[in-house]
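Visitor: no sequence on this one, just coordinates:
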């Protein structure tokens, strides 16, 4: 199969590329001119330098392809709403227009469980794919807001039957080539004392990138997946405390874990945000959003993709953490 991939230099996209190439599929990856494409080159991926927001520049590259996996998105904080809207919403629309024009039959749109809302969703467990996207989002939640709109764009193309669309919503993803969360977690765990939100026993909404790629590839191949939405939020259940301990052990650090009641941790995070906000635009690691993530549990239901597509994750968290940390440490040694 010939697949057009966006976001191939990112965490999820690189794992999708790896899995597709191991299965023998041909890949054309859309990349920015300044991207690090070394991993994609090693896989033998054909590279297409272009702009996600310009449909006319994508049609010819898409024409030989039967399927599209859209993983590219602006994630990190620091950009204005206009930039998120242009890249995540306008880019999705442009890409799908180009795919329709090129005759692509199937598209997998990678979304996020963040579209369901903030910490409030914990009270609605289980949060499955039928939960309406009507919970309010905080004013600064540009990523979640833009992905809600991008999901609406993808759903419109499916409703108009211009292309078969599958929407996949992972929880927080970690793994090799994670250049965002893993480095911050590693720095956090080098502190002598690490706060646990609550008793640390609640499950984290976290999933290994290789397992996410497996779900995405199944969604791409399965005729039954057309028009469906799937959560990819639980591969193997793991608590906050156990996940942080796995990371610390592999990093070779031995912090002391100190439980902090949820409300107290939320208040501490608010104070830290106020102090650091006066010094920098970058949010601190211990912020209210991360407190909610670590302490509110994992309400997201992943049973649909298991039942309908037979998704069976292969890599448990012990192995996923080993692979991730080893990649991170190898990169540090190389610098």
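Guide: Everything's here; your move. Every value quoted in this text rests on a predicted model; they were computed, and no experiment measured them.

Visitor: any idea how far residue 118 is from residue 78?
Guide: Distance of residue 118 to residue 78, computed by C-beta to C-beta, to the nearest Å: 19 Å. Where C-beta positions appear, they are placed from N, C-alpha and C, glycine not excepted.

Visitor: So which of those two has more stuff around it?
Guide: Shown here are residue 118 and residue 78; by other C-beta atoms under 10 Å, residue 118 has more neighbours (18 against 10).

Visitor: Report the contact partners of that one.
Guide: Going by C-beta atoms under 8 Å, 6 or more residues apart in numbering, residue 118 touches 135, 137-138, 141, 144, 289, 292.

Visitor: Could you pick out the one among the residues you listed with the lowest pLDDT?
Guide: Of all those, residue 289 carries the smallest pLDDT score, 72.

Visitor: give me the number of residues near that residue?
Guide: 17.

Visitor: Please apply the same query to residue 304.
Guide: Residues near residue 304, counting by other C-beta under 10 Å: 16.

Visitor: Run a quick check on it versus residue 231, I expect a contact.
Guide: Yes - counting by C-beta atoms under 8 Å, residue 304 touches residue 231, with 6.9 Å between them.

Visitor: what do these two both touch?
Guide: By C-beta under 8 Å, 6+ apart, the residues touching both residue 304 and residue 231 are 128-129.

Visitor: Next, please give the residue ranges for the strands of this structure.
Guide: 2-6, 26-31, 46-49, 67-70, 106-110, 164-170, 172-174, 193-197, 206-208, 229-232, 256-260 (DSSP state E).

Visitor: Kindly reformat those strands as TSV containing mean neighbour count, mean pLDDT and distance to residue 298.
Guide: Listed next are the strands of the chain as TSV, based on neighbours: other C-beta atoms under 10 Å; pLDDT from 0 to 100; distance: least, C-beta to C-beta, whole Å:
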stretch	mean neighbour count	mean pLDDT	distance to residue 298
strand 2-6	24	98	28
strand 26-31	22	97	31
strand 46-49	16	95	37
strand 67-70	26	98	25
strand 106-110	26	98	19
strand 164-170	25	98	12
strand 172-174	21	96	10
strand 193-197	18	90	13
strand 206-208	26	97	8
strand 229-232	26	98	11
strand 256-260	13	92	19
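
Visitor: out of those, nearest to residue 155?
Guide: Shortest separation from residue 155 across those is recorded for strand 164-170, at 7.0 Å, computed as C-beta to C-beta.

Visitor: what's the closest one packed up against?
Guide: strand 106-110, helix 142-159, helix 209-221, strand 229-232 (3 or more C-beta pairs under 8 Å, 6 or more residues apart in numbering; DSSP states H and E).
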